[in-house]
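Novice: Quick one, fold the following:
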Amino acid sequence: MTIYEELKARGLIAQVTNEEEISKLVNEGKATFYIGFDPTADSLHVGHFMALCLMKRLQMAGNRPIALIGGGTGMIGDPSGRTDMRNMMTVETIHHNCECFKKQMSKFIDFSEGKALMVNNADWLLDLNYVEFLREVGSCFSVNNMLRAECYKQRMEKGLSFLEFNYMIMQSYDFYALYKRYDCNLQFGGDDQWSNMLGGTELIRRKLGKDAHAMTITLLLNSEGKKMGKTQSGAVWLDPEKTSPYDFYQYWRNIGDADVLKCLRMLTFLPLEQIDEMDKWEGAQLNEAKEILAYELTALVHSKEEAEKAQETAKALFSSGGDIANMPTTELTEADLADGDLDILALLVKSGLCPSKSEARRAVQQGGVEAAGEKVSDIGKTYSSKELSGEGLVLRRGKKNYNRVIIK
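Specialist: Okay, the predicted model is just below:
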């Protein structure tokens, strides 16, 4: 099976500009391809995960990845999938986020000499002369075509700023610049980026008379059609300081039955034959498939050691409810207490088990909260500094969400 056939079999390919040419490029290891990452946070998240896995797969097949950090486009903000305008970031914040991205990407991609590149589009975008840019690049774009683009439709309902309107042209210019600088002949991106990517191939054709290609990756959606990678407490991050390895493991361990095989195919490097065998699994066997998925992805993002630790902790918690050695822990200080106590609602929020006090109140009232192994039914229940010291207080929300709160 060729690498392109494998990508199709894993369900990763959504749209392509020229399947014959693209398959030939990647199968022969002749693709220099890029994927862009706008630095909107100081960590990559699950939404970026599939792109990183794709880069790793293609690099293993002999192709050269370019990780493009959007230090320039990040100053504008991608309107794709948005109903409101993104908050403007400072140059310092963008630079910090870019540095964080570089560190995380190195776990997936070999950036040694000649194997891959990491570049920042601020290097060319921030030095552009506005009038020259309008003359040389703006003349290649039709406003009528741009307004029909999917990436602008939602924003048009509430008002699309001229700032955001320029995003497509800037992303297209990225592909053009990468083609000229590094012979980049292929762009990959999320399925919601199709219009922007076509803009790049057209700009290269019009300015250089050359053919470049684009392929979109299937968005990671659950069986309900919603983007995966969100929890009640927010995004699932790749940074262990923002989402612990245990919580990362638990996210994948708890996905729906209908999603587990899809995620195994799209995100893991397990042989397709092994995953196809799991198609026959049902009932309790699906739980085993989820454990395999959670272990493989945690090992890929964090390490095999962290994956084993998370797996052992989960099994210990759910079988005996006792082992707290590697349980996710929230450390508080005396300053977090109110008159020496803290109520259950505040504890649930501070531990991250609930995103808000109203959500915590509902969880308690519905009988889904335990503290120190006992069900909590009183929303006014408080815990003293003494109860939170020592080994701390173990909280549980639902069947599988644990956190230990401890006073330091």
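Novice: From here on, just use CA atoms for contacts and neighbour counts.
Specialist: Noted.
Novice: Please look at Gly199 and Met170 and confirm they touch.
Specialist: No. Between Gly199 and Met170 there is no contact under Cα atoms under 8 Å: 9.6 Å.
Novice: Distance check, Asn210 against Ser351.
Specialist: No Asn there; residue 210 is Lys. Applying Cα to Cα, to the nearest Å, the value for Lys210 to Ser351 is 55 Å.
Novice: the more surrounded of the two?
Specialist: Shown here are Lys210 and Ser351; by other Cα atoms under 10 Å, Ser351 has more neighbours (21 against 13).
Novice: for that one, what are its contacts?
Specialist: Residues counted as contacts of Ser351 (Cα atoms under 8 Å, 6 or more residues apart in numbering) are 329-330, 403-405.
Novice: and it, what pLDDT?
Specialist: pLDDT recorded at Ser351 is 86.
Novice: Repeat that for Thr330.
Specialist: 86.
Novice: which strand residues sit across from it in the sheet?
Specialist: Here Thr330 sits in beta bridges with Val405, as judged by DSSP bridges.
Novice: Correct me if wrong: it contacts Val405.
Specialist: Yes. With contacts defined as Cα under 8 Å, Thr330 counts as touching Val405 at a distance of 4.8 Å.
Novice: Which residue of the two possesses the greater neighbour count?
Specialist: Using other Cα under 10 Å as the criterion, Thr330 and Val405 rank with Val405 on top: 23 against 17.
Novice: That one against Val394, yeah?
Specialist: Yes. Contact criterion Cα under 8 Å: Val405 and Val394 qualify, at 6.4 Å.
Novice: follow-up on the earlier one: list just the nearest of the contacts of Ser351 to Glu273.
Specialist: Nearest to Glu273, judged by Cα to Cα, of the contacts of Ser351 is Asn403 at 37.5 Å.
Novice: What about Ala199, how many residues nearby?
Specialist: Let me fix one detail, which is that residue 199 is Gly and not Ala. Around Gly199 there are 23 other residues, counting by other Cα under 10 Å.
Novice: Assign the residue nearest to it when sequence neighbours are not counted to helix, strand or coil.
Specialist: Leaving out its chain neighbours, the residue that sits closest to Gly199 by Cα to Cα, 6 or more residues apart in numbering is Ser172, at 5.3 Å. Secondary structure state of Ser172, per DSSP: H, G, I helix; E, B strand; the rest coil, is helix.
Novice: Ok, Glu370 next?
Specialist: Three-state call for Glu370 (three-state DSSP): strand.
Novice: Name all residues that make contact with the closest residue to Arg265 other than its chain neighbours.
Specialist: Closest residue in space to Arg265, ignoring its immediate chain neighbours: Arg10 at 5.0 Å, by Cα to Cα, 6+ apart. Contact analysis of Arg10 by Cα under 8 Å, 6+ apart lists 262, 265-266, 272.
Novice: Lys262 too?
Specialist: 10-11.
Novice: Then Asp247?
Specialist: For Asp247, the residues meeting the contact criterion (Cα under 8 Å, 6+ apart) are Pro328.
Novice: and what of Leu52?
Specialist: Contact analysis of Leu52 by Cα under 8 Å, 6+ apart lists 105, 108-109.
Novice: pLDDT below threshold where in the chain?
Specialist: Counting by pLDDT under 70, the ranges of the chain that qualify are 76-88, 144, 147, 150-159, 163, 231-233, 317-326.
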